[in-house]
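> Quick one: sequence plus predicted model below, questions after.
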Amino acid sequence: MRIAVYPGSFDPITYGHLDIVSRGAKIFDRVIVAVLHNSKKQPLFTVEERLELIRQVTGDIPNVEVEGYDGLLIHYLQQRQSNVIIKGLRAVTDFEYEMQMASINRKLAEDIETFFMMTNNQYSFLSSSIVKEVARYDGQISDFVPPVVEKAIREKFAGNQGK
């Protein structure tokens, strides 16, 4: 069975992420969307909230699982008996960083392969950070995230008013 892991913070998951998930699910027997607890970032959503949102928007893709993880990605892949990492690329700047990460992962575990997928052109500008910034100022985000995610973002910012 070919198991691939699509890691990220997904804070929040966007249509760009979902494009990679759905396309990866057509190539691999199983895709695990692995939500990283990144202590360097100040997330809008908790890991548990992100896991739930991702489960809701990927629920119609039968070979997709959603899990959280902490620590080194290669250790997580070994636990899940996978040797494939899926990475979405938007631009050349993404490639430079992701190539460096792929090289490090390969050095740490030589059987790990990184599968790069170009994001659909309509999402090439999209990032979770941009979505949060637009939403923070009450801008239109319905073209960037699924309705359930937009609702959760709006609720978060409504709860943070005056703080």
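That came through fine.

> Next secondary structure after the least confident helix or strand in the chain by mean pLDDT?
In the chain, no helix or strand scores lower on mean pLDDT, DSSP states H and E than helix 92-108, which sits at a mean of 89. Using DSSP states H and E, the next helix or strand after helix 92-108 towards the C-terminus is strand 113-118.

> Using PDB, write out the CA atom coordinates for the least confident helix or strand of the chain.
Taking Å, rounded to 0.1, in the frame of the first residue of the first chain, the C-alpha atoms of helix 92-108 are listed here in PDB:
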ATOM      1  CA  VAL A  92      10.000  29.300  -7.000                       C
ATOM      2  CA  THR A  93      10.400  30.600  -3.500                       C
ATOM      3  CA  ASP A  94       8.400  27.600  -2.100                       C
ATOM      4  CA  PHE A  95      10.700  25.300  -4.100                       C
ATOM      5  CA  GLU A  96      13.900  26.600  -2.600                       C
ATOM      6  CA  TYR A  97      12.700  26.100   1.000                       C
ATOM      7  CA  GLU A  98      11.000  22.700   0.300                       C
ATOM      8  CA  MET A  99      14.000  21.400  -1.600                       C
ATOM      9  CA  GLN A 100      16.200  22.200   1.400                       C
ATOM     10  CA  MET A 101      13.700  20.400   3.700                       C
ATOM     11  CA  ALA A 102      13.500  17.400   1.300                       C
ATOM     12  CA  SER A 103      17.300  17.200   1.400                       C
ATOM     13  CA  ILE A 104      17.500  17.300   5.200                       C
ATOM     14  CA  ASN A 105      14.800  14.600   5.400                       C
ATOM     15  CA  ARG A 106      16.600  12.500   2.900                       C
ATOM     16  CA  LYS A 107      19.900  12.900   4.900                       C
ATOM     17  CA  LEU A 108      18.100  11.800   8.100                       C
END
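
> buried sites along it?
94, 98, 102, 105 (16 or more other Cβ atoms under 10 Å). Yep, even glycine has a C-beta here, placed from its N, CA and C like the rest.

> other SSEs contacting it?
In terms of contacts (3 or more Cβ pairs under 8 Å, 6 or more residues apart in numbering; DSSP states H and E), helix 92-108 is packed against helix 73-79, strand 84-89, strand 113-118.

> got the angle for that helix vs strand 113-118?
Angle, helix 92-108 to strand 113-118, by axes from the mean of the first three to the mean of the last three Cα atoms, to 10 degrees: 170 degrees.

> Do you have the strands of the protein handy? List them.
3-8, 30-36, 64-69, 84-89, 113-118 (DSSP state E).
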